[in-house]
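**Student:** Got a sequence here, can you build the structure:
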Amino acid sequence: MIRLRRSDERGHFDHGWLDTRHTFSFGDYHDPAQMGFRSLRVLNEDRVKPGQGFPTHSHRDMEIVTWVLDGALEHRDSLGNGSVIRPGEAQRLSAGTGITHSEFNHSASDPLHFLQIWIVPVARGLPPGYEQRSFPEAQRRGRFRLVGSPDGRDGSVTIRQDADLFATLLSRGQAVTHALRSDRHAWVHVARGEIELGDQVLKGGDAAIVSGEPDFEVSSGTDSEVLLFDLA
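**Tutor:** Residues are numbered from 1 along each chain as shown. From the prediction side, this is the model:
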């Protein structure tokens, strides 16, 4: 089964400094039919103007993964971490018992485009944590590269949930296949470009739920970037 979630069905808000689209209910966007998928709770696509960002705020009991598409994101948190996240780098922030952080566009001249992902952790009250790893383009080109997993295998960031996150870059005409176990479900998000999944065409911002498809193929009609969540 393949079920689509089109880009224009998402919640959309333009705050001037921030243009944001919410795949699932978040903030002022509420849809009882879109409260997440399996352990995937939030998938926001944010565009932030130069020098702007999110001032210090708090979170609890959530695994937060940041994936930058263009530009650079500056991060600071109450654990003492200060870093800049660029394309090809995954940041995992475990809010656990409580953490505060801020996120700003690192550049005074260039826009920032990134995805913020929230995954419900396997348990509440875990200690906060932070991790950032790089996945060069060559590792993601033409293949699903594991960038997040519950055990941190293959150099991925550690997500405290039974969830595997893959990323790929595809050139026009390239295809990749993902083997999905019968007890697993996939969320496929097109970050940009255009792909074919089954007999459906998905463009940037579109997504699809895949269940009961043991081996499914993603093929690209143009240069594309795709994230795949393999979830319990």
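
**Student:** Please, which helix or strand holds the closest residue to Ala175 other than its chain neighbours?
**Tutor:** Distances taken as Cβ to Cβ, 6 or more residues apart in numbering place Ser219 nearest to Ala175, at 3.8 Å, with adjacent residues excluded. Glycine gets a C-beta too; all of them are placed from N, C-alpha and C. Secondary structure from DSSP states H and E places Ser219 in strand 215-220.

**Student:** Let me see the contact set for the residue nearest to Ala175.
**Tutor:** Ser219 sits next to Leu170, Gly173, Gln174, Ala175, Ile195, Glu196 when contact means Cβ atoms under 8 Å, 6 or more residues apart in numbering.

**Student:** how about 10 Å then?
**Tutor:** Applying Cβ atoms under 10 Å, 6 or more residues apart in numbering to Ser219 gives the contacts Leu170, Arg172, Gly173, Gln174, Ala175, Val176, Thr177, Glu194, Ile195, Glu196, Leu197.

**Student:** can you check Leu197 too?
**Tutor:** Leu197 touches 2, 4, 186, 188, 190, 206-208, 210, 213, 216-219, 226, counting by Cβ under 10 Å, 6+ apart.

**Student:** go on, Ile119?
**Tutor:** Ile119 is in contact with 36, 38-43, 62-65, 92, 94, 148, 159-163, 165, 229, 231, counting by Cβ under 10 Å, 6+ apart.

**Student:** can you give me phi and psi for it?
**Tutor:** phi -120, psi 130 (degrees, to the nearest 10).

**Student:** What's opposite Lys203 in the beta bridge?
**Tutor:** Glu194 (DSSP bridges).
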